[in-house]
Structures are given as C-alpha cells and as structure tokens.
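Trainee: The following block contains a protein sequence and its predicted model.
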Amino acid sequence: MDGTPREALEIDNPWNGAWPGNATREVRREYAFVPNYVVYPSRGCWRFTVRLGEDETTITIEIK
C-alpha cells in the first residue's frame, strides 16, 4: 500500500484481515473484514463492485 490511486484492490486472502475484538468464530467464518480507505476526487455518485470468492455485491454512495 504505497498510496498510489488504483482502479482495483485485489487481496490474495481477505480472510486474513483485521477482526473486531468482539467477533465470534461464527462471524469470522461468514465475513471478511478488510480495512481500507477511499478518497473521492469529486462530489457525485460512486459505485463499487465487491467480489469475495463467487459472491458479488455493489455498493453505491453519493458524495454531496
């Protein structure tokens, strides 16, 4: 993580991420916690496609 803007963030093994201190074993099996930050270059509507294994979801956020 050198601070260079990227189009995609690829993590070899997201299951080895950070865990909240109160995460139970069941939660750790169901969720991947991947701390990161996003810098939005302008106001507007931004969309992220997130893939983990065969699962995929889209996150949309509006920056005003």
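Mentor: Great, that's in hand.
Trainee: so how far is the host helix or strand of residue 45 off the chain centroid?
Mentor: Secondary-structure assignment from DSSP states H and E places residue 45 in strand 44-52. Counting by CA atoms, centre = their mean, to the nearest Å, strand 44-52 is centred 9 Å from the centre of its parent chain.
Trainee: So what are the sheet partners of it and their directions?
Mentor: According to DSSP bridges, strand 44-52 has the following sheet partners: strand 55-63 (antiparallel).
Trainee: what comes up buried for the partner strand?
Mentor: Within strand 55-63, no residue counts as buried by 16 or more other CB atoms under 10 Å. Glycine gets a C-beta too; all of them are placed from N, C-alpha and C.
Trainee: can you list contacts of that strand?
Mentor: Judged by CB atoms under 8 Å, 6 or more residues apart in numbering, the contacts made with strand 55-63 from elsewhere in the structure are 40, 42-50.
Trainee: Let me know the average pLDDT across it.
Mentor: What strand 55-63 shows for mean pLDDT is 92.
Trainee: now stretch 8-24
Mentor: Averaged over stretch 8-24, pLDDT sits at 76.
Trainee: From start to finish, how long is it in a straight line?
Mentor: One end of stretch 8-24 to the other measures 30 Å (CA to CA, to the nearest Å).
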